[in-house]
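Colleague: A predicted structure for the sequence below; I have some questions about it.
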Amino acid sequence: MTGLLLLGLGLAALGIALLELLIRRADVAAALIFGSVVVQAYFDNMERVPALALPGGVKVYLTDMVASLILGAAVLRLLRLPSFDRFQRWLLLLGVLLLVALVRGLAAFGMQPSIADFRQSLFFGGVAVYFATFPPAVRLYDRIGRIWLAMTIPMMILVCLRWLAVFAGIDLGVPASEYGADAAIRVIDGPYTFFLAHAFLLTIPAWLRGGQERWIRWISVLLLLFCLVLNRRTVWLAIVVGVAVLMLRDRRLGRRALLLLSLGAVMTAVAFVWLGGLQEGSEPVTQEGSGNLDWRVQGWEELLAAWSHSPTDWAIGQPMGHGFARQIKGIETNSHPLRMACGARGPRTRR
């Protein structure tokens, strides 16, 4: 009993120390967020991640702890602000809607399903509010960008280790990706490939303007290579659009940005065809009634129909815990629609 008490006091002291640090250092918060993303990618499935079991069957995962700390720091920082700007007010309104949805979900579905649904929004909402409390600062953004690039290194190492297990049969004890056939080349889930793609976009100014450390250019090449080989078509499109946005936002990039955009588009088109992007098995993706694209479109149609049952749902959304269960051509799925949109792994389905 004494040991548990001491452990609890130690964890509480650690939490208070981290909270105090997060109030002052946004770059530390960024490191915690990026680190938790890498940990999630390593375990691949949330059920594999070590967690604390709470009464009511609720499990607290690493991302929940990080999100709770950052949300607590965000609230404390908000209390210190003399006034809120427009962007902060909109985020606070979003937070109120999420809390209302959580209360409705607890009343309608119970604690476990509503909390499980809420944690997906908690991470985004808490992080958004937290960083919105810091004024824009070039040096801060530069540190966060460098931390992001550094965290892509263990992510790429993870990809290489899984490729070794898949293609060379060398298993070094790294948990395999959950879905077998889909994981042959796509050994990390879609959101984690986006994690690499966004980091690549951060390196583009280093190529176009020069004057940056050489390691940034080296890691830029590796990031682009990994994004292409991981064969996520949505990620390829996002990279091309991202380069175009950078070119339009900063006219000083000029012809070099246009050249980079054209080269990226050609590389994306070649990789798209070479890696079988036009095929879904033996059938074209765009064929009516089959293919991944058609499946996603119909999934959104079913969701929008389910979300429009009443004016309340249109105004404040459905309660947490409602889930995303729907039927598409006789197949039942509960895949999150945003995970489908960013090229996440195959849907959890049953006939």
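Modeller: That came through, no problem.
Colleague: show me where the stretch 51-200 of the chain has strands.
Modeller: With DSSP state E, counting those that start in this stretch, the ranges of strands along the stretch 51-200 of the chain come out as 52-54, 58-60.
Colleague: mean pLDDT lowest for which of the ones you listed?
Modeller: With a mean of 69, strand 52-54 has the lowest mean pLDDT of these.
Colleague: just the helices in the stretch 101-250 of the chain please.
Modeller: 111-132, 138-163, 190-202, 204-209, 214-229, 233-249 (DSSP state H, counting those that start in this stretch).
Colleague: got JSON lines for those, with mean pLDDT too?
Modeller: Below are those laid out as JSON lines (pLDDT from 0 to 100):
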{"stretch": "helix 111-132", "mean pLDDT": "85"}
{"stretch": "helix 138-163", "mean pLDDT": "93"}
{"stretch": "helix 190-202", "mean pLDDT": "92"}
{"stretch": "helix 204-209", "mean pLDDT": "74"}
{"stretch": "helix 214-229", "mean pLDDT": "88"}
{"stretch": "helix 233-249", "mean pLDDT": "81"}
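Colleague: Among those helices, which comes closest to Thr312?
Modeller: Relative to Thr312, the nearest member of the helices of the stretch 101-250 of the chain by Cβ to Cβ is helix 111-132, separated by 16.8 Å. Any C-beta I mention is one placed from the backbone N, CA and C, and that applies to glycine too.
Colleague: got a list of what Tyr192 touches?
Modeller: Neighbouring residues of Tyr192 by Cβ atoms under 8 Å, 6 or more residues apart in numbering: 37, 40-41, 155.
Colleague: What sits closest to Ala41 if chain neighbours are left out?
Modeller: Nearest residue to Ala41, sequence neighbours excluded (Cβ to Cβ, 6 or more residues apart in numbering): Tyr192, at 4.4 Å.
Colleague: Cross the contacts of Tyr192 against helices and list the overlap.
Modeller: Judged by DSSP state H, helices contain the following of those: 37, 40-41, 155.
Colleague: which among these gets closest to Gly105?
Modeller: Distances from Gly105 to the ones in helices among the contacts of Tyr192, taken by Cβ to Cβ, are shortest for Gln40, at 23.4 Å.
Colleague: count of neighbours near that closest one?
Modeller: Number of residues near Gln40 (other Cβ atoms under 10 Å) recorded here: 21.
Colleague: Please parse this structure into its domains.
Modeller: Segmentation of the chain into domains, based on automatic domain parsing, reads 14-132, 139-277, 283-350.
Colleague: Kindly export stretch 121-131 (C-alpha atoms) in PDB.
Modeller: C-alpha atoms of stretch 121-131 as PDB (Å, rounded to 0.1, in the frame of the first residue of the first chain):
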ATOM      1  CA  SER A 121     -11.300  14.800 -30.600                       C
ATOM      2  CA  LEU A 122      -9.500  15.600 -27.300                       C
ATOM      3  CA  PHE A 123      -6.100  15.200 -28.900                       C
ATOM      4  CA  PHE A 124      -6.800  17.600 -31.700                       C
ATOM      5  CA  GLY A 125      -8.800  20.100 -29.600                       C
ATOM      6  CA  GLY A 126      -6.300  20.300 -26.800                       C
ATOM      7  CA  VAL A 127      -3.300  20.700 -29.000                       C
ATOM      8  CA  ALA A 128      -5.000  23.300 -31.200                       C
ATOM      9  CA  VAL A 129      -6.100  25.400 -28.200                       C
ATOM     10  CA  TYR A 130      -2.700  25.100 -26.600                       C
ATOM     11  CA  PHE A 131      -0.700  26.300 -29.500                       C
END
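Colleague: Pick out the most distant pair among the ones in helices among the contacts of Tyr192.
Modeller: Pairwise over the ones in helices among the contacts of Tyr192, using Cβ to Cβ, the maximum falls at Gln40 and Met155, 10.5 Å.
Colleague: Go through the ones in helices among the contacts of Tyr192 and name the one nearest Ala51.
Modeller: Gln40 (12.0 Å).
Colleague: Tell me how far that closest one lies from Ala150.
Modeller: Distance, Gln40 to Ala150, by Cβ to Cβ, to the nearest Å: 17 Å.
Colleague: same check, this time on Leu237
Modeller: From Leu237 to Ala150 the distance is 26 Å (Cβ to Cβ).
Colleague: where in the stretch 251-351 of the chain is pLDDT low?
Modeller: Scanning the stretch 251-351 of the chain for pLDDT under 70 picks out 251-265, 267-296, 299, 302, 306-308, 324-351.
Colleague: 50 - rerun?
Modeller: 277-290, 343, 345-351 (pLDDT under 50).
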